[in-house]
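# what's the 3D shape of this:
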Amino acid sequence: MHHALLAALLSSLLAACDIPYVAEGSWDVLYELPAREVNATWHIDEETGLRVEGMLVMTIDELELAGSRISWSAVAPSPLAPAGEPQRINFNGTVNGDHFAGTLYTRSGNLTVTGSRH
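Numbering: from 1, shown residues only. Okay, the predicted model is just below:
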């Protein structure tokens, strides 16, 4: 009886908590291209999604926040390809405290992406 009551109470408390995803916030981002590095800013929010500012301005159409993992997909020009037709690019990364690291996958090649929380 006590275990059931404790479980119900704990479940109610957790449901009432509004715990943000680990990746939420604003990030200073660095794209590592073969010949140079490019800076950007990402603003991540569960409700409004991901807004990208900087060299790669794009609309993210698929954002997934799961624990310390972040992944997204968008149609945008690849930073590795000459300006031209947009292509689908995908990102997968992991947040560790106030830093994240991941890979941006494009048809033109893959980029290492790192970030630090503002």
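# Phe91 reaches Ala101, doesn't it?
No: shown here, Phe91 and Ala101 do not form a contact pair, counting by Cβ atoms under 8 Å, at 11.1 Å. All C-beta spots, glycine's among them, are computed from the backbone N, C-alpha and C.
# below-threshold pLDDT in this protein: ranges please.
Flagging of the chain using pLDDT under 70 yields the residue ranges 1-20, 84.
# for the spatially most central residue of it, identify the helix or strand it belongs to.
Of all residues in the chain, the one closest to the mean position by Cα atoms, centre = their mean is Ile70, 4.4 Å from it. Using DSSP states H and E, the element containing Ile70 is strand 69-76.
# what's the helix or strand just after that strand packed up against?
Stepping forward along the backbone from strand 69-76, the first helix or strand reached (DSSP H and E) is strand 87-96. Helices and strands touching strand 87-96, as assessed by 3 or more Cβ pairs under 8 Å, 6 or more residues apart in numbering; DSSP states H and E, comprise strand 69-76, strand 99-106.
# which one of those strands lies closest to Glu32?
strand 99-106 (9.5 Å; Cβ to Cβ).
# so what secondary structure elements neighbour the helix or strand following that closest one?
Beyond strand 99-106 in the direction of the C-terminus, DSSP H and E gives the next helix or strand as strand 109-117. Other helices and strands packing on strand 109-117, by 3+ Cβ pairs under 8 Å, 6+ apart, are strand 25-32, strand 99-106.
# rewinding a little: helix/strand/coil for the spatially closest residue to the residue nearest to the centre of the chain that is not a sequence neighbour?
Closest residue to Ile70 apart from its sequence neighbours, by Cβ to Cβ, 6 or more residues apart in numbering: Ala23 at 4.4 Å. Three-state assignment for Ala23 (DSSP: H, G, I helix; E, B strand; the rest coil): coil.
# hang on, isn't Ala23 packed against Ile44?
Yes: counting by Cβ under 8 Å, Ile44 is a contact partner of Ala23 at 5.1 Å.
# make sure Asn39 is actually in contact with Trp27.
No: look at Asn39 against Trp27 with Cβ under 8 Å: they stay out of range, at 10.9 Å.
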